[in-house]
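Enquirer: structure for the following, please:
(one chain, ligands or ions: 1)
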Amino acid sequence: MGTLDRFRLDGRRAVVTGGSRGLGKAMAGAFAEAGADLVLVGRDAESLEQAQSELLAHGHAVETIVADLHDASTAESLGTEILARIGPVDILVNNVGGRRENIPLTEMPLDKWLGFLDLNLNSAVVCTRLLGAGMLERGWGRVINIASIAGPIVSMRGIEGRHYETAKAALVGFTRAIAADWAARGVTINAIAPGGFLTEPNRKWFRERPSFQTDFERDIPMGRLGEPDEIAGLALLLASDASRYMTGTVSVIDGGYTLW
Ligand SMILES: NC(=O)c1ccc[n+]([C@@H]2O[C@H](COP(=O)([O-])OP(=O)(O)OC[C@H]3O[C@@H](n4cnc5c(N)ncnc54)[C@H](OP(=O)(O)O)[C@@H]3O)[C@@H](O)[C@H]2O)c1
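Expert: Numbering: from 1, shown residues only. This next block holds a predicted model:
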């Protein structure tokens, strides 16, 4: 088999949490282009339908499921519903997450903190547990956890809400530990650590505080934030047989932010 053929995903089914827009939709688009059927998860039915109609253009099945992963117990029902209603999953992208709030630690209520850990960490753990079991049985699977440079590598300057760094660092710890456990069984689990990408959450921070954008861009050697489709090739690599000897890795994609 040629190298380019190893990037094909024909006959594979990929679940992308948070697949209706931003980085999730860009990664889902690459998978569909490579031949995969998709299951997109998000909270808003209308944006899911919009993404579904765009991604159907690649000629493969696109299912949608409305679920709010801010609560890890919803992730349990989601995993169960996918397996019962749609079928086995070959590729799982745990993409849902976000900082959402700029709250200093001393003002952070415990219930909020725990909710953010569900959103950024526990939901990914639950989905991996439920959907990963079938991958292990079949001897082939790919789990991709969308972490961040924030947490495992740096703490972001000029913003608080350190639930985010905490959860993303833990997500990388989880990735590496489970990768070791599953390595001999055909299932790889890798993390992507994006730097700043131009998606809605960053646009919102920039609208609220324009100086945050200028400061951020100044700290990126490439001088700009990433466009969502710039993560797609890396995600396809990790989802396919092209990366079959990679597991437990953390791929930084940040325009050089962490070099300075
Ligand atoms: N953009 C960046 O600069 C950057 C940098 C580092 C890491 N990341 C990570 O990359 C991931 C994606 O970020 P993004 O910037 O692409 O975000 P985004 O543009 O806001 O997209 C988030 C996606 O997740 C869905 N979603 C959000 N909250 C959800 C919830 N509680 N339950 C289920 N679905 C939910 C959204 O749809 P609904 O709103 O309809 O639910 C949407 O499909 C996150 O884990 C983020 O931490 C992003």
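
Enquirer: from here on, contacts and neighbour counts on C-alpha atoms
Expert: Will do.

Enquirer: let me see the mean pLDDT of stretch 235-251.
Expert: Averaging pLDDT along stretch 235-251 gives 98.

Enquirer: stretch 57-77 now?
Expert: pLDDT averaged over stretch 57-77 gives 97.

Enquirer: let's see it as CSV, backbone CA atoms only.
Expert: Extracted in CSV, the C-alpha atoms of stretch 57-77 (Å, rounded to 0.1, in the frame of the first residue of the first chain):
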residue,chain,number,x,y,z
ALA,A,57,-21.2,16.8,0.0
HIS,A,58,-18.3,14.3,0.4
GLY,A,59,-20.7,11.5,-0.3
HIS,A,60,-20.6,9.6,3.0
ALA,A,61,-23.1,9.2,5.9
VAL,A,62,-23.3,12.0,8.4
GLU,A,63,-25.3,11.4,11.6
THR,A,64,-25.9,14.1,14.3
ILE,A,65,-26.6,13.8,18.0
VAL,A,66,-27.6,16.6,20.3
ALA,A,67,-25.9,16.2,23.7
ASP,A,68,-24.5,18.6,26.2
LEU,A,69,-21.1,17.3,27.4
HIS,A,70,-20.8,19.8,30.2
ASP,A,71,-22.0,16.9,32.3
ALA,A,72,-20.1,13.6,32.2
SER,A,73,-23.2,11.6,32.8
THR,A,74,-24.5,12.9,29.4
ALA,A,75,-21.4,11.5,27.9
GLU,A,76,-22.4,8.1,29.3
SER,A,77,-25.8,8.3,27.6
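
Enquirer: buried ones in that stretch, by neighbour count?
Expert: 58, 60-65, 67-72, 74-76 (16 or more other Cα atoms under 10 Å).

Enquirer: can you show me the strands along the stretch 51-200 of the chain?
Expert: 62-66, 91-94, 141-146, 187-194 (DSSP state E, counting those that start in this stretch).

Enquirer: run the chain-centre distance for the first one.
Expert: Put plainly, it is strand 62-66. 16 Å (Cα atoms, centre = their mean, to the nearest Å).

Enquirer: which residues sit against it?
Expert: 37-45, 48-49, 52, 55-56 (Cα atoms under 8 Å, 6 or more residues apart in numbering).

Enquirer: quick check, it touching the ligand?
Expert: No - on the criterion Cα under 6 Å from any ligand atom, strand 62-66 is out of touch with the ligand, staying 7.4 Å away.

Enquirer: in its sheet, what does that strand sit against?
Expert: Applying DSSP bridges to the sheet, strand 62-66 is found paired with strand 37-42 (parallel).

Enquirer: for the residue positioned nearest the centre of the chain, what are its contacts?
Expert: Nearest to the geometric centre of the chain sits Asn95, at 2.2 Å (Cα atoms, centre = their mean). By Cα under 8 Å, 6+ apart, the contact set of Asn95 is Val16, Thr17, Gly18, Gly19, Leu23, Gly24, Asn145, Ile146.

Enquirer: quick check: bridge partners of Ala193?
Expert: As assigned using DSSP bridges, the partners bridged with Ala193 are Val252.

Enquirer: pLDDT score assigned to it?
Expert: pLDDT, Ala193: 98.

Enquirer: so it sits right up against Ile144, yeah?
Expert: No - contact criterion Cα atoms under 8 Å: Ala193 and Ile144 do not qualify, at 10.6 Å.

Enquirer: between the two, which is the more surrounded one?
Expert: Ile144 (26 against 23; other Cα atoms under 10 Å).

Enquirer: how much space between the more buried one and the ligand?
Expert: Relative to the ligand, Ile144 is positioned 11 Å away (Cα to the nearest ligand atom, to the nearest Å).

Enquirer: what does His70 give?
Expert: In terms of Cα to the nearest ligand atom, His70 sits 4 Å off from the ligand.

Enquirer: residues of the stretch 151-260 of the chain that sit close to the ligand?
Expert: Pro194, Gly195, Gly196, Phe197, Leu198, Thr199, Glu200, Pro201.

Enquirer: rerun at 8 Å
Expert: 164, 168, 193-202, 225-226, 228 (Cα under 8 Å from any ligand atom).
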